[in-house]
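>>> structure, please.
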Amino acid sequence: MLTFQKVENNQIEELADLASSIWHEYWVCLLSSEQINYMVENFQSEKAIKNQIENENYIYYFIKSGNINAGYFGMSDKDDYLFLSKLYIKKEYRHKGIGSQAFAKIKELANGKPVRLTVNKHNINSINAYKKWGFNTIDSVVTDIGSGFVMDDYIMEV
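Next up, the predicted model:
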């Protein structure tokens, strides 16, 4: 059975460890190990997640299969939309409908607001999943994230 558990302050280290393991497995086909390490440190480390929750209106949820953390998502409530910042699932839990169930929960949490996200332009599997869930590409953006790295993304919304 799949459940969604809001991440509490005493679970941020656990979330950061989960994020690091998934990112280092998932992104190796699209990004250099240097960029993965940089992004994990700056966006998914314990310190970064704590800052996002305390200062950027972020909420994170574990995606739980039984007692196992099968993945997680993070979002930030904006004035006109819900920004889905992260949705990651462990390799052994992918292609089992968990992403669709997580997205249903995210839409519920959006409370009628549009859901917006950014996705790497070369991340075809995720783009296809988002299209299946009704997302449309509304823009594209290249964002300088420092240290010579950029994120080359589509902005999608449903």
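>>> show residues contacting stretch 57-74.
Under the contact criterion Cβ atoms under 8 Å, 6 or more residues apart in numbering, stretch 57-74 has outside partners 1-7, 11, 14-15, 18-19, 22, 49, 52-53, 75-78, 84-90, 93, 98, 102, 105-106, 109. (Glycine included, C-beta is placed from N, CA and C.)
>>> buried subset of those residues?
Burial of the contacts of stretch 57-74 was assessed by neighbour count (16 or more other Cβ atoms under 10 Å); the buried members are 2, 4, 7, 11, 15, 18-19, 22, 49, 52-53, 75, 84-90, 93, 98, 102, 106, 109.
>>> just those residues: which are in strands?
With strands defined by DSSP state E, the entries of the buried ones among the contacts of stretch 57-74 inside them are 2, 4, 75, 84, 85, 86, 87, 88, 89.
>>> what sits closest to the most centrally placed residue in the chain if chain neighbours are left out?
Centroid-nearest residue in the chain: residue 86, 0.9 Å away (criterion: Cα atoms, centre = their mean). In space, not counting the residues next to it along the chain, residue 86 is nearest to residue 74; the distance is 4.2 Å by Cβ to Cβ, 6 or more residues apart in numbering.
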